[in-house]
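K.L.:
sequence first, predicted coordinates after that:
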Amino acid sequence: MEYFYQFQQRLVLFIGIGLLLSLLPSFVMKCNALEDSTDRSDARNFISNYKNCTGLSRKLLLSPGEGCSKDDIVVFQDSTVPLPNGVPAFTVEILNACASDCSVAEIHVSCGWFSSVRLVNPRVFRRLSYDDCLVNDGQPLAPGQTLSFQYANSFSYPLSVSSVSCF
């Protein structure tokens, strides 16, 4: 079990570094393009109209305290060691990647008919209805906070954030 936690920590660190490195060129290009602009509304219009814009790079250019969005929640999913009976198992990590001081609550995930052979703590992740799962019992995730769980099924479910509430 200790090996899994070490792997999980390294995976989160590796993914976080990869995200930051992949966003750096985009951020530099945006900053250079906005260098001559003094009006903040021009900057926001440029950011919102920029194609291939991610939530992380968008948040880096806005001042702290500005609103958050579902783009601030990142869902990672990967296969892990199958159960002893051979059923495939998957690890899910849900990260609040907000760059400013924002807590995100009422995180709802599109999850189809999510079910698991392995028990998933319903306070961490539970299906409310078809294609609607609730994360962290609706409680806030602080900036940088990660929740993780494992589930087992014959296939992985595509998981994506559908809505959030910002604090």
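P.N.:
All right, it came through fine. Numbers count the residues shown, from 1 in each chain.
K.L.:
now Asp72. Its backbone dihedrals?
P.N.:
phi -80, psi -10 (degrees, to the nearest 10).
K.L.:
just give the closest residue to it, not the sequence neighbours.
P.N.:
Nearest non-adjacent residue to Asp72, counting by Cβ to Cβ, 6 or more residues apart in numbering: Cys98, 4.2 Å away. C-beta coordinates here come from the backbone N, C-alpha and C atoms, glycine included.
K.L.:
could you do Asp78 as well?
P.N.:
Spatially, and ignoring its direct neighbours in sequence, Asp78 is nearest to Thr91 (5.7 Å; Cβ to Cβ, 6+ apart).
K.L.:
picking that back up, who are the contact partners of the residue nearest to Asp72?
P.N.:
Cys98 sits next to Lys59, Cys68, Asp72, Val104, Pro143 when contact means Cβ atoms under 8 Å, 6 or more residues apart in numbering.
K.L.:
in space, what's closest to the last one - neighbours in sequence excluded?
P.N.:
With Cβ to Cβ, 6+ apart as the measure, Cys98 is the residue that lies nearest to Pro143, at 4.6 Å, once sequence neighbours are left out.
K.L.:
how close does the one you found sit to Trp113?
P.N.:
30 Å (Cβ to Cβ, to the nearest Å).
K.L.:
same thing with Gly138?
P.N.:
21 Å.
K.L.:
neighbour count winner among those two?
P.N.:
Comparing Gly138 with Trp113 by other Cβ atoms under 10 Å, the one with more neighbours is Gly138, at 12 against 9.
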